[in-house]
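Novice: predicted model and sequence follow; I will ask about them next.
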Amino acid sequence: MKVLILGATGFIGLPTAQAFVRAGHVVYGQTRSAAKAKQLLAEEITPVIADVKDTASYLPSLVGTLDVIIDAAGGTDLKELSDHILSATVAAVQAHRPSHASKLTYIYTSGTWVHGENRTEVVSDTTPLTNPAELVAWRPAQEQRVVANPYLNGIVVRPALLYGRSGSLFTPLFKGAHAGEVVWGGTPGGRFALIHADDLAELYVLVAEKAAIACGKTFDAANDVTERVDAVLQRLVEVSGAKGPYRYAEPANLYEVALSTTSVVRPYLGRALLGWQPRKAGLLDQLEVYYNAWKAIEGLL
């Protein structure tokens, strides 16, 4: 397959691009930076140097021969960006894709925050979304625009909190621990729904390779069990040498509110339809390994 990954040097995009390369596929990676383009070349990924918003500069020339586009782009204006990329992809397909070609597979990256705060009820891939975190309240509608689009094989992947490698969403927590204090937004008693970056990448590969059965569906990407936030914070105090005890703080903005959201996520579609199974150790079990990996990447070892 030929795959274009938008946001190919990000927390999600880079491990995913690497996984597609390992699986033998031809991978294009969008990045804005010439320096990061060299990083992609070293990973056997063909760089597409462009601002992700400037879809006219790269979609017309690629969309005619691609099998898959993965929207893993990040940023602060994701609502507008996600809709723009989807609309531009549909327009490019209509204008530049041969009429005899199979439908382009389009994988949109959402997130499990759409399940919202609920510390008592188990949710899964197909649970109706009735109380999304305010920061991502727009995402259920965007998910539907993707899976129902008549011009694409639309698929949605919802990662849980990402860990591993460079730390991802846990980077601020690790930075605080390294500085001597473990602080997390929210209240005691919460649980983390988690997924390692490498396990998430494998799900993207399986979804793309089995798009004929995955199209029109939404896949929650999370480990088999959630983990107690209190236990993770206490363990981080121990492995980092931070001054204890850990403490909670009032979330300062909608992002921190979403970050502290507890959803008891038990996905089943990826396992049932694709044979996907997370393999990495949980965050708590190997927190010292993950903390040291972050420190190494940050040049703190």
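Specialist: That came through, no problem.
Novice: could you report the pLDDT at residue 224?
Specialist: Here, the pLDDT recorded for residue 224 equals 95.
Novice: how much space between it and residue 210?
Specialist: Distance, residue 224 to residue 210, using Cβ to Cβ, to the nearest Å: 21 Å. Placement of C-beta: from N, CA and C, glycine included.
Novice: neighbour-wise, which of those two wins?
Specialist: Set residue 224 next to residue 210 and count neighbours by other Cβ atoms under 10 Å: residue 210 wins out with 15 against 11.
Novice: correct me if wrong: residue 124 contacts residue 263.
Specialist: No. With contact defined as Cβ atoms under 8 Å, residue 124 does not count as touching residue 263 (10.4 Å).
Novice: neighbour-wise, which of those two wins?
Specialist: Neighbour count, other Cβ under 10 Å: between residue 124 and residue 263, residue 263 has more, with 29 against 14.
Novice: for that one, give me its contacts.
Specialist: Residues in contact with residue 263 (Cβ atoms under 8 Å, 6 or more residues apart in numbering) are 112, 113, 115, 116, 117, 118, 123, 193.
Novice: the same query, at a cut-off of 10 Å, please.
Specialist: Residues near residue 263 by Cβ atoms under 10 Å, 6 or more residues apart in numbering: 112-119, 121-123, 127, 131-133, 160-161, 190-193, 220, 222, 226.
Novice: just to check, residue 69 is in contact with residue 6?
Specialist: Yes. In this structure, residue 69 is within contact of residue 6 by Cβ atoms under 10 Å, at 7.1 Å.
Novice: overlap in contacts of these two?
Specialist: Overlap of the contact sets of residue 69 and residue 6 (by Cβ under 10 Å, 6+ apart) consists of 28, 30, 85, 89.
Novice: where's the second one relative to residue 96, distance?
Specialist: Which is residue 30. Note on residue 30: its distance to residue 96, by Cβ to Cβ, is 17 Å.
Novice: which one of those two has more residues nearby?
Specialist: Neighbours per residue (other Cβ under 10 Å) separate residue 30 from residue 96, with residue 30 holding more: 29 against 14.
Novice: which ones among the shared contacts of residue 69 and residue 6 lie within strands?
Specialist: 28, 30 (DSSP state E).
Novice: residues touching residue 246, list them.
Specialist: Taking Cβ under 10 Å, 6+ apart, we find residue 246 in contact with 173, 176-177, 181-184, 188, 229-230, 232-237.
Novice: can you map out the strands along the stretch 1-150 of the chain?
Specialist: All strands of the stretch 1-150 of the chain, identified by DSSP state E, counting those that start in this stretch, fall at 2-6, 26-31, 46-49, 68-71, 104-109, 118-123.
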